[in-house]
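[1] Have a look; sequence and predicted model below, questions after that.
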Amino acid sequence: MAKYSETIDLYSDDGKLLKSGVSLDRISPLVNPATSKIIDLTKRTINVNLGGIEQALKAGKLGKGKIKGRELDLAIMENKDAIVAKIKEMVQVEEGDDTEILEFNGGKLLLVSVPTKRLVNAATYDAAITAVASATTYALVDQFDIDMFNASTVKAACWGGYPHTQDMNGALVTSVLTIPQNNEGIGYALRNVPVNHYVMMTGRNALQGAALASTLEMAGEFEMGMGIGPFERNLLLSYAYQGLNANNMVYDLVKENGQTGTIGTVVQSVVERAIEDKVIAPGKKGGYFQFYDTKDPMLWNAYAAAGTMAATVVNCGAGRFAQAVSATLLYFNDLLEHETGLPSCDFGRVMGTAVGFSFFSHSIYGGGGPGVFNGNHVVTRHANGVAIPCVVAAASLDAGTQMFSPESTSKIMGETYGQIDVFNKPIHQIANGA
């Protein structure tokens with residue numbers, strides 16, 4: 001990748017300087033070690049809801065349904081240690097490799113990291129969940145000497161509806177990633193993490209959640225070929241300023257407008273800061289209207305991205321509602337274009353995304369709250385990594401107005417991934433790695 005002479009200062013979610021003079025290339029998903037760890041663990045780690053499997057089998061709840069007469073009363077938690085040992089033995093490739101099983105909630109939840117060799121020697125990241133689901137199934141069959149007539153019931157608890165469904169519908173062995181067949185196109189795998197997952201993994205911290213989402217969104221952008229040649233700098237700047245609070249811009253904008261501000265006052269603050277930093281300057285006049293010019297449209301785009309994030313935090317934070325995020329994405333950027341005559345965030349694509357997002361999240365259609373969307377969704381896929389982080393911030397600040405709350409859809413993500421440093425405090429970890 002290109003080496004950049006320009007530097008940024010990285011600040012925490014509470015406005016404290018973490019590292020100054022960081023070269024732009026040091027935050028790249030291809031270079032930063034903390035980002036590499038996030039991506040690696042996202043692909044390699046699988047949730048096993050061991051306590052949930054015991055309860056599901058006892059009630060005959062398999063996949064998304066319930067089958068009377070197929071109940072199995074197995075003392076799974078009493079035999080937890082033996083089952084965990086069997087899973088690890090089967091999942092590992094070599095003794096002493098990087099297979100790891102972490103236990104949470106007294107062993108009711110497991111987070112299984114499959115060995116790197118399984119993914120290196122596979123075409124897709126499916127290799128992680130298939131290995132763990134198979135190992136869990138066989139460990140239970142072996143531990144309780146399940147006969148051939150009941151083994152399929154154990155399998156259904158672990159694998160869900162698969163192969164009757166394309167994905168593992170209703171499975172109690174889960175990944176943070178969706179299966180490749182659900183991806184909207186080439187390179188979308190790391191962008192198909194639901195907003196609510198990010199919210200729970202970062203403990204409802206708006207800026208940490210946005211940073212985690214921004215990290216995986218930008219990694220996805222690189223994977224789909226968007227970070228090649230001169231376009232690489234555009235992605236890195238957007239990522240730095242919006243996702244990682246570079247130069248404390250998001251924090252400063254929120255602090256300046258948080259008490260009494262609106263979307264409109266955030267627009268004013270962004271324009272004032274851009275003028276002060278000499279990113280934009282007054283250009284021609286058209287009647288009463290003052291146009292602005294910029295010699296660095298990529299840096300201006302990063303300022304617009306940071307402003308979009310700040311406007312989201314100010315507006316959705318004031319109302320404690322996530323539903324306003326689509327309107328915020330639309331009208332902050334609409335006002336920004338009318339104020340400056342310059343392109344808005346992601347050169348108009350955030351506005352385009354917001355129009356469809358409003359309709360599908362809570363308008364006439366009203367199919368689902370913002371928390372169930374992701375960067376791989378047909379409605380929210382279009383903005384290059386700068387829309388979903390704002391949705392995460394909004395959902396983090398939501399006070400329970402969503403039909404699908406993070407606690408109802410993604411609780412297990414907080415109880416497992418949320419206990420790991422690179423997931424719950426990504427801003428700090430990435431700054432350390434830079």
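    Structure received.
[2] Regarding Arg233, what is its secondary structure?
    Recorded secondary structure, Arg233: helix (DSSP: H, G, I helix; E, B strand; the rest coil).
[3] number of nearby residues for it?
    20 (other CB atoms under 10 Å). In this view, the C-beta of every residue, glycine as well, is placed from N, C-alpha and C.
[4] now swap in Tyr288 and tell me
    Around Tyr288 there are 5 other residues, counting by other CB under 10 Å.
[5] List the buried residues in the strand or helix carrying Ala302.
    Assigned by DSSP states H and E, Ala302 belongs to helix 297-319. For helix 297-319, burial by neighbour count (16 or more other CB atoms under 10 Å) applies to 297-318.
[6] Likewise for stretch 388-402?
    Applying 16+ other CB under 10 Å to stretch 388-402 flags 388-398, 402 as buried.
[7] Now go through these and say which are in helices.
    Counted as lying in helices by DSSP state H, out of the buried residues of stretch 388-402, are 388-397.
[8] Let's verify Leu74: helix, strand, or coil?
    State at Leu74, reduced to three classes by three-state DSSP: coil.
[9] would you list every one of the strands in the chain?
    7-11, 17-23, 45-49, 61-62, 65-66, 100-104, 109-113, 173-175, 281-286, 289-293 (DSSP state E).
[10] coming back round to it: tell me the one of the ones in helices among the buried residues of stretch 388-402 nearest Gly264?
    The closest of those to Gly264 turns out to be Cys390 (CB to CB; 17.1 Å).
[11] out of the strands of the chain, deepest packed?
    Of these, the one with the most neighbours on average (mean count of other CB atoms under 10 Å) is strand 45-49, at a mean of 25.
[12] So what touches that one?
    Contacts to strand 45-49, defined as CB atoms under 8 Å, 6 or more residues apart in numbering, come from residues 87, 108-114, 128-129, 132-133, 136, 172-176, 412-413, 416-417.
[13] who does it pair up with?
    Here strand 45-49 is paired, per DSSP bridges, with strand 109-113 (antiparallel), strand 173-175 (antiparallel).
[14] Next, the angle strand 100-104 makes with it.
    Orientation check (axes from the mean of the first three to the mean of the last three CA atoms, to 10 degrees): strand 45-49 against strand 100-104 gives 40 degrees.
[15] Find out how far strand 45-49 is from the centre of the chain, if you would.
    17 Å (CA atoms, centre = their mean, to the nearest Å).
[16] Relative to its centre, which residue of this structure is most distant?
    Taking CA atoms, centre = their mean, the residue of the chain most remote from its mean C-alpha position is Gly287, at 44.9 Å.
[17] Please read off the pLDDT at it from the model.
    Here, the pLDDT recorded for Gly287 equals 89.
[18] One more: Asp40?
    97.
[19] dump the residue contacts of it.
    Going by CB under 8 Å, 6+ apart, Asp40 touches Thr116.
[20] With Met226 as the reference, measure out to it.
    Distance, Asp40 to Met226, by CB to CB, to the nearest Å: 21 Å.
[21] likewise Ala395?
    From Ala395 to Met226 the distance is 25 Å (CB to CB).
[22] Leu177 now?
    Leu177 is 19 Å from Met226, by CB to CB.
[23] The two - which one has more neighbours?
    Leu177 (25 against 16).
[24] still on that earlier bit, okay if I get the strands of the chain as JSON lines plus distance to Arg233?
    Listed next are the strands of the chain as JSON lines, based on distance: least, CB to CB, whole Å:
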{"stretch": "strand 7-11", "distance to Arg233": "12"}
{"stretch": "strand 17-23", "distance to Arg233": "12"}
{"stretch": "strand 45-49", "distance to Arg233": "32"}
{"stretch": "strand 61-62", "distance to Arg233": "51"}
{"stretch": "strand 65-66", "distance to Arg233": "51"}
{"stretch": "strand 100-104", "distance to Arg233": "37"}
{"stretch": "strand 109-113", "distance to Arg233": "34"}
{"stretch": "strand 173-175", "distance to Arg233": "32"}
{"stretch": "strand 281-286", "distance to Arg233": "21"}
{"stretch": "strand 289-293", "distance to Arg233": "19"}
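[25] Could I get the buried residue list for stretch 221-228?
    221-224, 226-227.
[26] List the buried residues for the helix-or-strand element of the chain with minimal mean pLDDT?
    When the helices and strands of the chain are scored by mean pLDDT, DSSP states H and E, helix 349-362 comes last with a mean of 91. Residues of helix 349-362 classed as buried: 349-354, 356-358, 360-362 (neighbour count, 16+ other CB under 10 Å).
[27] Looking at those residues, which is nearest Lys80?
    Of those, the one sitting nearest to Lys80 (CB to CB) turns out to be Ser361, at 40.3 Å.
[28] Now do the contacts for the closest residue to Phe321 other than its chain neighbours.
    In space, not counting the residues next to it along the chain, Phe321 is nearest to Thr401; the distance is 4.7 Å by CB to CB, 6 or more residues apart in numbering. Going by CB under 8 Å, 6+ apart, Thr401 touches 320-323.
[29] Can you give me the separation between Thr401 and Gly369?
    Taken as CB to CB, the span from Thr401 to Gly369 is 8 Å.
[30] Kindly report the same for Leu18.
    Applying CB to CB to Leu18 and Gly369 gives a distance of 33 Å.
[31] which one of the buried residues of helix 349-362 is nearest Glu78?
    Ser361 (44.3 Å).
[32] And for Glu78, the neighbour number?
    Burial measure for Glu78: 10 neighbouring residues, criterion other CB under 10 Å.
[33] Would you mind giving the buried residues of helix 349-362 as CSV with distance to Pro426 added?
    Converted to CSV, the buried residues of helix 349-362 look like this (distance: CB to CB, whole Å):
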residue, distance to Pro426
Arg349, 24
Val350, 22
Met351, 27
Gly352, 28
Thr353, 23
Ala354, 25
Gly356, 28
Phe357, 24
Ser358, 28
Phe360, 28
Ser361, 25
His362, 28
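[34] so where is the stretch 1-150 of the chain shaky, pLDDT-wise?
    Residues of the stretch 1-150 of the chain meeting the criterion pLDDT under 70: 1.
[35] For the closest residue to Val372 other than its chain neighbours, give me phi and psi.
    Nearest residue to Val372 in three dimensions, chain neighbours excluded: Phe404, at 5.1 Å (CB to CB, 6+ apart). Dihedral pair for Phe404: phi -110, psi 90, per degrees, to the nearest 10.
[36] mind checking how far Phe404 is from Val132?
    26 Å.
[37] Show me which of the two is the more surrounded one.
    Shown here are Phe404 and Val132; by other CB under 10 Å, Val132 has more neighbours (28 against 17).
[38] Much appreciated, bye for now.
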